[in-house]
Every structure is written in C-alpha cells, then in structure tokens.
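Peer 1: Generate coordinates for the sequence data below:
(3 chains)
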Amino acid sequence: MKLPRKFYNQKTLKIAQDLLGKFLIRKYRGKKYIGKIVETEGYYGFKDRASHASRGETERNKIMFGRAGHAYIYLIYGMYYCLNIVTEKEKYPAAVLIRAVEPICRGRTCPVPTNGPGKLCRAFKIDKKLNGENLQSDKIWIEARGFKINKKDIVRAKRIGVDYAGKCKDYLWRFYIKGNSYVSKI
DNA sequence: CCTGGGATTTTCT
DNA sequence: GAAAATCCCAGGA
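Peer 2: Purely as a prediction, here's the structure:
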C-alpha cells in the first residue's frame, strides 16, 4: 500500500522520523527493488544554509519548492545522485534526504550496497529521469508494511557533510534506526 | 570566461 | 587522511 498523499502533508522533521521503517520501492525494467528506510535527514526552509534552497530557487532545486510527495533528485560531486522526498506547501523549500536503506530480496536482507545516499541511488537505478516524479507513480514510491519503529530505537543526530553551513551544521535533523548496520555513519 | 566548492564515495598512501 | 572522480551553480574578472 503506497503511503497516501496526506502522509506528506506533515512537518518535515515529523516525516523524516516517520519514514524510518517504511519501505522504498523502485520498479525499473520489470525488476522491483525494495529497501527499508533506516536513515534520513531533513532540509527545511530558506534559512537552512545546508540546503540547496538557501540561495534561492534554481533550475536544479525547483522541485524542492514544489508540491510535497514528489522526488527531488540531484547530482552531487558530478557523479552520484541523491534522493529526497519533497515536503511542505508549494513555494516553501523543504525535503527529506534518504541517506540509507536496508535492501530486501525475497523477504530477506540481502548484500547490496545501500548504506549511503549515493550508493542507494546507484543500486536502485535512481537518476535524474525520476526528478520530480510523484510518489504515487508506479516507478518509485514508499509504502508501510505494518512495521512500527519504537521511538527509543530512533537516534537523532547532526547531519552529515554540511560543515560549511555555519550554525546550521549543528542542527539535529538526522534520524536513524539504532543499531542498524546499513546506517551510513554512526 | 574562469574559478572554487559541494547533502559522496573509492582508492590510494 | 588525502586525492580524485567530474556536473551544477555562484561569484568574480
């Protein structure tokens, strides 16, 4: 069951936490890639210097300014894609970066490198062609499978790779499942 | 036009 | 720990 549109109509940091334990599904050329989301980060508003949106709307980041429940995908360092879930109302830039998933094959955890935002996009065949895709589509979506992560198993921490962002680098806007081996950094 | 750096990862010393 | 891979964007000449 795909998460309904209204799921994405919540505050960004709430969504970032609620996405833990949900399942990212990617269908590509007849294959289905499934991963349990184990690590996320929030990027929120005009003043978040870690966010692409802090310097205004551009051709690259315009999806972040669009409707919630869509995929924002960008190329970083010229070679890796990162997958984000757009949140908040139109014209307000915010998104949740999917930093890591636990890959599932035939109902079991399987050895696929998905412990990092660039790696999971490579493994799940996610690239710029999916930028702006509605998460109600049949190419990529997120679903719940009855899993419920216990609040005490959610760790809240500083975001990764944003040392340039002034005081924003210390915001505790990263969330991950305690003890999960696919979390990119502890 | 040129330069520098980035929401990353791998490979080297 | 440092360097390299190499696209997108901002800022300065």
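Peer 1: contacting residues around A:Val183?
Peer 2: A:Val38, A:Glu39, A:Arg99, A:Ala100, A:Asn115, A:Tyr176, A:Ile177 (Cβ atoms under 8 Å, 6 or more residues apart in numbering). Heads up, the C-betas are built off the backbone N, CA and C, glycines and all.
Peer 1: Likewise for A:Val96?
Peer 2: Counted by Cβ under 8 Å, 6+ apart, A:Val96 has contacts A:Thr12, A:Ile15, A:Ala16, A:Leu19, A:Thr40, A:Glu41, A:Gly42, A:Tyr43, A:Asn84, A:Ile85, A:Thr87.
Peer 1: Please, where are all the strands along chain A?
Peer 2: In chain A, strands defined by DSSP state E lie at A:23-28, A:31-44, A:71-76, A:80-86, A:94-105, A:108-109, A:140-143, A:154-157, A:174-177, listed in chain order.
Peer 1: Quick check: which of those is nearest to DNA strand C?
Peer 2: DNA strand C lies closest to strand A:71-76 among the strands of chain A, at 5.0 Å (Cβ to the nearest atom of the strand).
Peer 1: Quick one: mean pLDDT for that closest one?
Peer 2: For strand A:71-76, the mean pLDDT works out to 98.
Peer 1: contact partners of it?
Peer 2: A:52, A:60-61, A:63-64, A:81-86, A:95, A:118, A:121, A:126-128, A:130-133, A:135, A:140.
Peer 1: ok, and which of the residues you listed reach DNA strand C?
Peer 2: The subset of the contacts of strand A:71-76 within reach of DNA strand C, by Cβ under 7 Å from any atom of the strand, is A:Arg60, A:Asn61.
Peer 1: Which members of the contacts of strand A:71-76 are classed as buried?
Peer 2: A:52, A:61, A:63-64, A:81-86, A:95, A:118, A:121, A:126, A:130-131, A:133, A:135, A:140 (16 or more other Cβ atoms under 10 Å).
Peer 1: Who is the closest residue to A:Ile63 other than its chain neighbours paired with across the strands?
Peer 2: The shortest distance from A:Ile63 to any non-neighbouring residue, by Cβ to Cβ, 6 or more residues apart in numbering, is to A:Tyr72 (4.3 Å). Beta-bridge partners for A:Tyr72, by DSSP bridges, are A:Asn84.
Peer 1: measure A:Tyr72 to DNA strand B for me?
Peer 2: 7 Å (Cβ to the nearest atom of the strand, to the nearest Å).
Peer 1: Show me which residues of chain A sit near DNA strand C.
Peer 2: Residues of chain A lying close to DNA strand C by Cβ under 7 Å from any atom of the strand are A:Arg55, A:Gly56, A:Thr58, A:Glu59, A:Arg60, A:Asn61, A:Leu75, A:Tyr77, A:Gly78, A:Met79.
Peer 1: Serialize these to JSON lines and add fields for distance to DNA strand B.
Peer 2: Formatted as JSON lines, these follow (distance: Cβ to the nearest atom of the strand, whole Å):
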{"residue": "A:Arg55", "distance to DNA strand B": "10"}
{"residue": "A:Gly56", "distance to DNA strand B": "13"}
{"residue": "A:Thr58", "distance to DNA strand B": "11"}
{"residue": "A:Glu59", "distance to DNA strand B": "13"}
{"residue": "A:Arg60", "distance to DNA strand B": "9"}
{"residue": "A:Asn61", "distance to DNA strand B": "7"}
{"residue": "A:Leu75", "distance to DNA strand B": "7"}
{"residue": "A:Tyr77", "distance to DNA strand B": "4"}
{"residue": "A:Gly78", "distance to DNA strand B": "5"}
{"residue": "A:Met79", "distance to DNA strand B": "6"}
